[in-house]
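Chemist: coords please:
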Amino acid sequence: MENMGKDLTDYMNRQKLNQQFNKLVEDALNDSDVQAFIQANKDRLSQETVTRSAAKIYEYVIEKKKLANGQTTLAPGYAPKLVLNNHFIDVSYEPTASLLQEREQAALHARVKSINMPRDIEQAKIDSYDPTNRFDALIKATAFIGAYRQAPHDFHQALYLSGQFGVGKTYLLGAIANELALSGFETTLIHFPTFAVEMKNAIGQNNVLEKVNVIKKAPILMIDDIGADAMSAWVRDEVLGIILQYRMQEQLATFFSSNFTMTELETHLTTSNQGDEPVKAGRIMQRVRYLAQEIEVGGQNRRLQP
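Modeler: All right, here's what the predicted structure looks like:
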């Protein structure tokens with residue numbers, strides 16, 4: 001008797017579960033999107049096909065509700081979609097608008113390779129650049145962006161941004177890079193004093209040439225803060241010189257920013273640990289002047305403003 005009673009209880013419980021499941025499936029079948037899909041494909045669906053696809057229809061409705069309520073779904077970042085698969089109803093998953101936006105932002109950031117640069121350049125925008133005392137720099141930057149977009153394979157003389165501390169030279173470089181990234185162009189930005197230290201450390205690791213090759217071949221290169229520190233003859237001639245020589249020969253767009261004017265930078269480069277070498281400094285500056293036109297960036301030190 002005890003076994004018979006247990007079997008009867010199990011049977012009733014199974015019946016109850018079946019009834020609950022059937023109710024859930026029935027609700028899923030009445031979903032407006034499900035009804036619209038069935039109606040749109042009525043010529044290719046039979047009642048038997050719809051019935052045998054009940055589990056997939058239920059999955060679609062449940063995942064759709066989870067997504068709408070901000071809950072974790074089977075495939076985070078993807079939205080369910082009803083499809084026909086071998087004459088049965090199935091569920092496929094497509095990227096949501098938010099995931100596509102995240103991917104686009106990631107792609108944009110990937111096009112701007114920032115090496116030892118301030119984090120705020122990631123958000124730098126041309127539209128946010130205050131033109132006060134910097135109008136000429138903004139106009140030249142905008143003109144370069146337009147010209148490069150029109151003919152990316154042609155040589156375009158870039159900009160040498162000179163000016164005092166904190167006037168927005170680095171920000172403008174970042175804004176140019178981010179604007180070009182929107183059109184699919186890759187830019188590499190390097191903080192030159194830090195890069196020079198890394199090159200000296202790379203001697204012991206025997207990978208100087210590898211690091212130099214990556215920088216010199218960048219489609220668009222921005223050398224920030226050149227001349228900020230004393231430069232050894234080796235860095236000037238074997239690192240900077242090689243990079244600029246290659247870029248001049250290949251006619252690759254190359255930007256600079258500096259607290260020095262071009263004339264002042266040449267004087268700065270003349271003196272190294274090897275003494276005064278005006279000829280070698282002049283050779284470097286010949287390449288700089290070929291690659292970029294000098295634009296003074298004016299204004300007050302914005303880093304000191306509240």
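Chemist: how close does the residue lying closest to Asp276 once chain neighbours are set aside get to Glu277?
Modeler: Closest residue in space to Asp276, ignoring its immediate chain neighbours: Thr270 at 5.5 Å, by C-beta to C-beta, 6 or more residues apart in numbering. In this view, the C-beta of every residue, glycine as well, is placed from N, C-alpha and C. Separation of Thr270 from Glu277 (C-beta to C-beta, to the nearest Å) stands at 6 Å.
Chemist: pull the number of nearby residues for the residue nearest to Asp276.
Modeler: Burial of Thr270 is recorded as 18 neighbouring residues (other C-beta atoms under 10 Å).
Chemist: got the contact list for it?
Modeler: By C-beta atoms under 8 Å, 6 or more residues apart in numbering, the residues touching Thr270 are Asp276, Glu277, Pro278, Ala281.
Chemist: tell me the pLDDT of it.
Modeler: According to the prediction, Thr270 has pLDDT 91.
Chemist: likewise for Gln19?
Modeler: The model reports Gln19 with a pLDDT of 56.
Chemist: next one: the one 3 residues further on
Modeler: Here, the pLDDT recorded for Asn22 equals 62.
Chemist: check Asn207 too.
Modeler: 80.
Chemist: tell me the phi and psi of it?
Modeler: Dihedral angles of Asn207 (phi, psi; degrees, to the nearest 10) stand at phi -130, psi 30.
Chemist: ok, back up a step: now tabulate the contacts of Thr270 in CSV and tack on distance to Ile121, pLDDT and secondary structure.
Modeler: Converted to CSV, the contacts of Thr270 look like this (distance: C-beta to C-beta, whole Å; pLDDT from 0 to 100; DSSP: H, G, I helix; E, B strand; the rest coil):
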residue, distance to Ile121, pLDDT, secondary structure
Asp276, 35, 82, strand
Glu277, 33, 86, coil
Pro278, 34, 90, helix
Ala281, 29, 91, helix
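Chemist: and of those residues, the nearest to Leu67?
Modeler: Ala281 (62.4 Å; C-beta to C-beta).
Chemist: in the chain, which spans are strands?
Modeler: Assigned by DSSP state E, the strands in the chain fall at 78-85, 88-95, 112-115, 158-162, 187-191, 220-224, 253-258, 271-272, 275-276, 292-296.
Chemist: other SSEs contacting the first one?
Modeler: Looking back up the chat, that one is strand 78-85. helix 32-40, helix 54-68, strand 88-95 (3 or more C-beta pairs under 8 Å, 6 or more residues apart in numbering; DSSP states H and E).
Chemist: which strands and helices lie in contact with the last one?
Modeler: So that's strand 88-95. So strand 88-95, by 3+ C-beta pairs under 8 Å, 6+ apart, packs with helix 47-52, helix 54-68, strand 78-85.
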